[in-house]
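*Asks:* Make a model of this:
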Amino acid sequence: MECQWNVVNRPGESCVGGASGADGSCCTIMSCHDAGGRRRYEDSEFTLRVYPGALSEGTIYCPVTARKVTSAAEVIERVIERLQLDRARLYVLAEVKEFGGEEWILNPCDCPVQRMMLWPRMALENRLGGEDYRFLLREKDLDGSIRYGNLQMWLRVTEERRRMVERGLLPQPPAGQYVADLCALPDLNERTLLENLRGRFRQEKIYTYVGGILIVVNPFKFLPIYNPKYVKMYDNHRLGKLEPHIYAVADAAYHAMLQRKRNQCIVISGESGSGKTQSTNFLIHHLTALSQKGFASGVEQIILGAGPVLEAFGNAKTAHNNNSSRFGKFIQVNYQESGTVRGAYVEKYLLEKSRLVYQEHNERNYHVFYYLLAGASEEERKAFHLLKPEEYHYLNQMSISAALNRLSAFQITKKVHRQHWGNYCETELDCFMVEGEDLKHDFERLQLAMEMVGFLPTTRKQIFSLLSAILLLGNIRYKKKTYRDDSIDICNPEVLPIVSELLEVKEEMLFEALTTRKTVTVGERLIVPYKLAEAGTVRDSMAKSLYGALFDWIVFRTNHALLYNKDLEDSDKILSIGVLDIFGFEDYENNSFEQFCINFANETLQHYFNQHVFKLEQVTDLRF
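*Replies:* Below you'll find the predicted structure:
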């Protein structure tokens with residue numbers, strides 16, 4: 001087997017040296033080929049581009065060869081040697097993540113290649129034009145602080161200008177009609193509220209307060225408001241003193257927890273696609289960074305890997321959102337009394353299991369099924385008995401008319417369809433793809449994320465085997481037996497031994513579970529066959545139960561990785577900050593029971609706001 005990685009530069013670029021632009025975006029394009037067409041990471045070499053900035057004048061980036069197990073300390077040592085930097089100084093490696101360009105300092109034992117492989121495909125293929133996704137070399141002072149170029153000067157100038165404006169030495173900024181806190185509006189009604197939000201949004205101010213509530217308007221684009229200068233700006237500041245920002249909410253919760261010695265909670269609610277999960281990511285990363293002083297902790301590393309895992313198994317395409325969370329999650333970050341992160345805990349709510357067996361028009365099943373079918377190697381396809389995606393009932397339930405309507409709406413062609421699925425899909429009615437999606441890369445990213453969380457290769461194979469069994473369960477069809485009216489049989493018995501092999505259960509037991517039910521009475525045990533109308537429901541219930549148990553087990557294993565810390569004693573007092581990322585509102589003509597529960601949960605949260613938060617704000621105004 002041959003495995004070769006190629007690094008391709010932009011036209012006109014050189015690897016080391018060049019003009020200005022020391023903090024340019026990372027542009028590493030990688031390709032790997034083997035006899036089976038699969039990428040392999042275990043022994044492969046990667047090229048990391050480390051941007052030294054002002055530490056090495058005239059150098060744009062320094063390419064460093066590394067493996068998946070190469071630590072950040074080893075990468076720094078190679079950069080120092082190649083650029084001939086001063087060894088008397090202390091250096092750290094910073095990662096600019098996908099969350100708007102904020103820098104996170106890697107611990108010496110962290111593995112940069114593992115973190116890089118969690119970047120989206122667009123970042124690895126050099127298709128992002130911003131300043132996201134790169135590694136920077138920073139200098140560390142003896143007191144432990146990190147030098148961020150001209151950040152300290154920028155903060156001093158900004159603070160001094162604010163003080164001069166307050167003293168009247170500088171003119172006040174022009175009075176605008178848009179306020180940062182809606183409670184400050186002289187006439188608060190629906191029209192003035194929406195006008196104020198619209199005006200701030202046009203000024204690219206997506207955050208607005210309503211007392212202690214933060215309203216976020218999703219910009220659907222990159223805004224440079226999440227870099228280190230904003231982290232330091234909002235550090236230990238009272239809520240409302242500076243411009244509204246999600247960092248201010250995280251900082252207020254963190255310091256309130258330390259000062260009052262009481263647990264805190266942040267609730268995120270809104271419509272589907274409004275950016276709730278992204279806001280949750282901002283909050284969690286900032287909360288862990290506050291205690292680590294900007295360093296990436298072990299907890300943050302596991303959360304980084306847990307995110308793609310939970311999204312793959314719990315997110316799906318809906319009519320309103322291509323990556324909609326179909327479960328609610330509560331992430332609790334635990335702290336010691338000193339403010340240091342001790343661990344974390346994830347709890348899930350209301351997994352939409354009905355989506356597994358039925359999807360509405362223009363919707364899909366959970367992401368993980370499409371990742372598996374597109375990314376599995378030929379060997380895995382044989383081991384898991386994988387079929388083409390259109391051959392699964394649970395993935396292909398659209399009628400011909402609905403498919404034609406979808407074809408007209410999205411103008412999906414046969415050529416584009418084959419580009420993603422290769423030889424596995426030959427139908428022109430593509431109801432499996434989302435524009436801009438690379439399922440093979442997503443499957444590789446999922447496997448790496450599962451490895452970071454602690455799923456061993458054998459465990460991952462068992463999970464994928466169970467997913468294949470669930471899909472094949474949906475293909476089982478029933479018929480009435482000719483000689484008995486109340487008895488049923490399976491039309492395609494050839495599927496049964498495959499499912500039993502994947503589930504590692506006896507074929508006879510599986511057949512009995514799918515066709516009969518057992519009733520126990522006083523001193524008697526009855527075996528009653530299902531009616532034909534009941535059998536399909538029983539089959540779907542078994543599939544939903546299997547998937548629900550699998551999802552619960554994945555969350556359990558994630559919590560085991562997040563909470564494990566042998567260096568801490570159970571007697572230590574624990575404080576916590578919880579972040580509740582509830583489902584989004586989705587309004588349909590006919591809501592499913594799960595969607596009804598989702599909307600009811602959101603309405604209950606809104607009622608809590610109205611009854612408590614707004615009334616509390618009114619009482620505060622009356623006191624002053």
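
*Asks:* Can you pull the phi/psi pair for K480?
*Replies:* Here is the backbone geometry of K480 (degrees, to the nearest 10): phi -80, psi 140.

*Asks:* Any idea how many residues pack against S269?
*Replies:* 20 (other Cβ atoms under 10 Å). Any C-beta I mention is one placed from the backbone N, CA and C, and that applies to glycine too.

*Asks:* quick one, what contacts it?
*Replies:* Shown in contact with S269 (Cβ atoms under 8 Å, 6 or more residues apart in numbering): K276, I582, N602, L605, Q606.

*Asks:* how many neighbours does N590 have?
*Replies:* Neighbourhood size, N590 [other Cβ under 10 Å]: 6.

*Asks:* Model confidence for the residue nearest to W119 when sequence neighbours are not counted, exactly?
*Replies:* Among residues not flanking W119 along the chain, Y133 sits closest, at 5.2 Å (Cβ to Cβ, 6 or more residues apart in numbering). For Y133, the pLDDT comes out at 80.

*Asks:* Also V538?
*Replies:* pLDDT, V538: 93.

*Asks:* cool, A175 as well?
*Replies:* Reading off the model, A175 has pLDDT 49.

*Asks:* got it, and I400?
*Replies:* I400 carries a pLDDT value of 40.

*Asks:* Please apply the same query to L472.
*Replies:* pLDDT, L472: 96.

*Asks:* go on, T515?
*Replies:* 91.

*Asks:* burial count for it?
*Replies:* 18.

*Asks:* K573 now?
*Replies:* Applying other Cβ under 10 Å, we find 8 residues neighbouring K573.

*Asks:* Just the terminal-to-terminal distance for stretch 371-387.
*Replies:* Start and end residues of stretch 371-387 are separated by 13 Å (Cα to Cα, to the nearest Å).

*Asks:* Make a markdown table from the contacts of S269 and add distance to K481 and secondary structure to it.
*Replies:* Compiled in a markdown table, these are given as follows (distance: Cβ to Cβ, whole Å; DSSP: H, G, I helix; E, B strand; the rest coil):
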| residue | distance to K481 | secondary structure |
| --- | --- | --- |
| K276 | 51 | helix |
| I582 | 48 | strand |
| N602 | 48 | helix |
| L605 | 52 | helix |
| Q606 | 54 | helix |
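
*Asks:* List buried residues within those residues.
*Replies:* By neighbour count, with 16 or more other Cβ atoms under 10 Å, those hold K276, I582, N602 as buried.

*Asks:* what about the strands in the stretch 301-450 of the chain?
*Replies:* 315-316, 324-325, 328-335, 341-349 (DSSP state E, counting those that start in this stretch).

*Asks:* From the contact counts, what lies against the first one?
*Replies:* So that's strand 315-316. Strand 315-316 sits against strand 324-325, with contacts defined as 3 or more Cβ pairs under 8 Å, 6 or more residues apart in numbering; DSSP states H and E.

*Asks:* coming back round to it: got the strands of the stretch 301-450 of the chain as TSV, with mean pLDDT columns?
*Replies:* Shown next, in TSV, are the strands of the stretch 301-450 of the chain (pLDDT from 0 to 100):
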stretch	mean pLDDT
strand 315-316	91
strand 324-325	86
strand 328-335	89
strand 341-349	86
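
*Asks:* Now the ones you listed in JSON lines, please, with extra columns for distance to V357 and mean neighbour count.
*Replies:* Shown next, in JSON lines, are the strands of the stretch 301-450 of the chain (distance: least, Cβ to Cβ, whole Å; neighbours: other Cβ atoms under 10 Å):
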{"stretch": "strand 315-316", "distance to V357": "13", "mean neighbour count": "22"}
{"stretch": "strand 324-325", "distance to V357": "18", "mean neighbour count": "22"}
{"stretch": "strand 328-335", "distance to V357": "21", "mean neighbour count": "22"}
{"stretch": "strand 341-349", "distance to V357": "19", "mean neighbour count": "18"}
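
*Asks:* out of those strands, nearest to K221?
*Replies:* Smallest distance to K221 across the strands of the stretch 301-450 of the chain (Cβ to Cβ): 19.7 Å, for strand 324-325.

*Asks:* and that closest one, how far from the chain's centre?
*Replies:* When distances are taken as Cα atoms, centre = their mean, to the nearest Å, strand 324-325 is centred 10 Å away from the chain's centroid.

*Asks:* Quick one: list the elements packing against it.
*Replies:* Strand 324-325 packs on strand 315-316, strand 575-585, going by 3+ Cβ pairs under 8 Å, 6+ apart.

*Asks:* any residues touching stretch 482-497, and which ones?
*Replies:* Stretch 482-497 is contacted from outside by 472, 475-481, 507, 510-511, 514-515, 529-532, 535, using Cβ under 8 Å, 6+ apart.

*Asks:* Check the offset of that stretch from the chain's centre.
*Replies:* Worked out by Cα atoms, centre = their mean, stretch 482-497 lies 43 Å from the chain centre.

*Asks:* any idea which residue sits dead centre in the chain?
*Replies:* Closest to where the C-alpha atoms of the chain average out (Cα atoms, centre = their mean) is G307, at 4.1 Å.

*Asks:* residues touching that one, list them.
*Replies:* So G307 contacts N281, A449 (Cβ under 8 Å, 6+ apart).

*Asks:* do you know how far it is from I582?
*Replies:* Relative to I582, G307 is positioned 17 Å away (criterion: Cβ to Cβ, to the nearest Å).

*Asks:* Tell me where the model's unsure across the stretch 451-600 of the chain.
*Replies:* Residues of the stretch 451-600 of the chain that meet the criterion pLDDT under 70 lie in 484-485, 564-572.

*Asks:* And the helices in it?
*Replies:* In the stretch 451-600 of the chain, the helices defined using DSSP state H, counting those that start in this stretch lie at 457-473, 495-503, 507-515, 532-563, 593-608.

*Asks:* Of all those helices, which one is nearest L575?
*Replies:* Closest to L575 of those is helix 532-563 (Cβ to Cβ; 15.0 Å).

*Asks:* Against which helices or strands is the closest one packed?
*Replies:* Using 3+ Cβ pairs under 8 Å, 6+ apart, helix 532-563 sits against helix 298-314, strand 341-349, helix 439-453, helix 457-473, strand 478-480, helix 507-515.

*Asks:* Serialize those to a markdown table and add fields for distance to L182.
*Replies:* Below are the helices and strands packed on helix 532-563 laid out as a markdown table (distance: least, Cβ to Cβ, whole Å):
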| stretch | distance to L182 |
| --- | --- |
| helix 298-314 | 32 |
| strand 341-349 | 29 |
| helix 439-453 | 39 |
| helix 457-473 | 46 |
| strand 478-480 | 58 |
| helix 507-515 | 57 |
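
*Asks:* So for F384, which of these sits nearest?
*Replies:* Minimum separation from F384 across those (Cβ to Cβ) falls at helix 457-473, 4.2 Å.

*Asks:* buried set for that closest one?
*Replies:* Those buried within helix 457-473 under the rule 16+ other Cβ under 10 Å are I463, F464, S465, L466, L467, S468, A469, I470, L471, L472, L473.

*Asks:* Tabulate those (TSV), appending distance to S500.
*Replies:* Output for these, formatted as TSV (distance: Cβ to Cβ, whole Å):
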residue	distance to S500
I463	18
F464	17
S465	12
L466	13
L467	16
S468	12
A469	9
I470	13
L471	15
L472	10
L473	11
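
*Asks:* Out of those, flag the one nearest to K221.
*Replies:* Of all these, K221 sits closest to L467, with 34.5 Å by Cβ to Cβ.

*Asks:* need the contact list for the closest one.
*Replies:* V368, F369, L372, F384, L550 are the contacts of L467 under Cβ under 8 Å, 6+ apart.

*Asks:* Distance of it relative to G523?
*Replies:* Note on L467: its distance to G523, by Cβ to Cβ, is 42 Å.

*Asks:* N396 too?
*Replies:* From N396 to G523 the distance is 48 Å (Cβ to Cβ).

*Asks:* Distance to K348 added to the contacts of S269, as a markdown table?
*Replies:* Below are the contacts of S269 laid out as a markdown table (distance: Cβ to Cβ, whole Å):
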| residue | distance to K348 |
| --- | --- |
| K276 | 15 |
| I582 | 11 |
| N602 | 17 |
| L605 | 17 |
| Q606 | 22 |
